[in-house]
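K.L.:
Could you work out the structure for the sequence below:
(one chain, ligands or ions: 1)
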Amino acid sequence: MNDPVRKLTALEWEKRKLFLSEGFSSSCRSLRGFIPGGVEYLFTPWEYSCRGDLLLRRLRFDSSPEALRLWAFLFSEKDRLFLAKNSGAKVIALMKDLGQTAVLAYAFPGQLSFYADELWWAPCFAESTHLLDAASDLGATEELCYVRAVLGAMKTLDYFPRPDLCVAGVGACCDDFSAVMQLVEGLGMPVHWWEMTAPVPGGCETPYGGVPFAAKDLAFLRGQLAGVVTALEETIGVRCTGEMLAKSVSMFNRLRTMVRNLRELVYGADYPPLPGLEMYLAEFIAIHTCSEPDECFPVLAGLTRVAEERHMLGLSPFKGGEPPLRIYWVYPPTDASLIPLLEDMGGCVAGTDYFINHAFLPLREDTDPLTAVAENCFDDRLLCSPGMRADAIVRDIRHFRAEGVLLSGIFGASHCPWDDRIISEKVREELGLPVLSFDVPYSPGRVSEQVRSRIEAFMDIVRQRRERKR
Ligand code: SF4
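P.N.:
This is a model prediction of the structure:
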């Protein structure tokens, strides 16, 4: 308990929380805009595990109060959505794009918007297949990836209340989610469809991602986003002005800057000041504020402060020997316990591509908001060709000086049957780094032995390579 950076179990946090100041706990409030005074949310991982997310009992957590706040902020999203709905707010389910339509939705008062896609990690956190079973009953069976949990949640409504509107991106979209979104509409949910366009080279380039595209495609996409705004206006009953959209762009820019800076600080360090699991959570706040545009800023600011202080003082949860082996992680792991497993084996996460890297890029504020968001859509690596995605990953790996690459595939995922191979080959050819690629099995209550031994063998190879280089 005296080591300020030793990771804590859920039960250890239960005891440690008693020593947190009352002022800190009561400052952790959300929904101030909907409920007078807001609602306290600082419960421990153990308390959240008692509500059903059993995986939390197998994890270890960063020991800073700011990290506790982060965990509580993420796991209280469900409560926020129900409470907001009860207090008269509209609840909007965004689907498939990751981080762009949220910029449009959060231009509106009187609503909370969330990404239904994130339900895809719910079966592993809950160590329960009930959402997948509910999806199977409706026809979304095992040939689809875990995103079918969204359909189960739309049926059971135990993760979010009935949405007032679902915003569904199609076109340049995987088959899995297309099928799931159609089944969601089949349940009687109000759905607004818009077409996502894949970027095709045509003389223009996105300002921050450097992705080539054609002006006519941008105009089309801009029109689609204008349609999303109209659907939101009709649902929420508020007319949206350019000024409201510009304010939201600016708010998301501040948020994206914070997450981008935190990634640089942590993933760039030889001894990262924060564990990979906390970073996993923090990265996803960038896409939709975790349904709380006010509170997400103090949460991220606190985490950044901890990272900066530790950096200055030379503190790190990875200290105690030689610097950890630097691993770049591709695909968000459905089973979050794999990240600490890698760390227990002497590794650290040094850069990620969890499908959301476009959400760390700035949005232009010197053009109209719809154009800025449309340009950012083209930066989505899942919409680009697998070759472009592989190039971007190679650039990231160089930037973060990773020594190995781990691709944690998602069972049944159809986003591209070839990108895994293309990325692996490119990394080996251009960087000569070891690559481990496997599909993450569903293994409630424990880590799959097969996965454990694969990661162990991979880490040995990365370690030997470091020693040879030395
Ligand atoms: S197929 Fe891939 S991109 Fe599509 S929902 Fe599943 S994991 Fe996401």
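
K.L.:
This protein against the ligand: which residues are in contact?
P.N.:
Residues of the chain found near the ligand (Cβ under 6 Å from any ligand atom) are 145, 147, 174, 176-177, 382, 410, 413-415. C-betas here are computed from N, CA, C, even on glycine.

K.L.:
try 8 Å
P.N.:
Contact residues, the chain versus the ligand (Cβ under 8 Å from any ligand atom): 96, 117, 120, 144-147, 173-177, 180, 331, 355, 382, 410, 412-415.

K.L.:
before we move on, what SS does the residue nearest in space to the middle of the chain have?
P.N.:
Nearest to the mean C-alpha position of the chain, by Cα atoms, centre = their mean, lies Phe284 at 2.9 Å. Recorded secondary structure, Phe284: helix (DSSP: H, G, I helix; E, B strand; the rest coil).

K.L.:
if I look at it, how far off is the ligand?
P.N.:
According to Cβ to the nearest ligand atom, to the nearest Å, Phe284 and the ligand sit 14 Å apart.

K.L.:
cool, and Leu245?
P.N.:
For Leu245 relative to the ligand (Cβ to the nearest ligand atom), the value is 27 Å.

K.L.:
that's a helix at Arg16, yeah?
P.N.:
Yes. Counting by three-state DSSP, Arg16 is located in a helix.

K.L.:
rewinding a little: residue contacts, the residue nearest to the centre of the chain?
P.N.:
Counting by Cβ atoms under 8 Å, 6 or more residues apart in numbering, Phe284 touches 74, 118, 290, 354, 356.

K.L.:
could you redo the last one with a cut-off of 6 Å?
P.N.:
By Cβ atoms under 6 Å, 6 or more residues apart in numbering, no residues touch Phe284.

K.L.:
hang on, the earlier thing: take the residues of the chain next to the ligand and keep only those in strands.
P.N.:
Judged by DSSP state E, strands contain the following of the residues of the chain next to the ligand: Ile410.

K.L.:
correct me, but Gly351 touches Trp329?
P.N.:
No. Judged on Cβ atoms under 6 Å, Gly351 makes no contact with Trp329 at a distance of 7.3 Å.

K.L.:
Give me the more crowded residue out of those two.
P.N.:
Trp329 (26 against 23; other Cβ atoms under 10 Å).

K.L.:
Pro444 contacts Glu127, correct?
P.N.:
Yes. Counting by Cβ under 6 Å, Pro444 does reach Glu127; the two are 3.7 Å apart.

K.L.:
Looking at the two, which is more packed in?
P.N.:
Legend: neighbour count by other Cβ under 10 Å for Pro444 and Glu127, higher for Glu127 (20 against 14).

K.L.:
Let me know the distance separating that one from Leu59.
P.N.:
12 Å (Cβ to Cβ, to the nearest Å).

K.L.:
Residues that sit against both of these two, list them.
P.N.:
Shared contacts of Glu127 and Leu59 (Cβ under 6 Å, 6+ apart): none.
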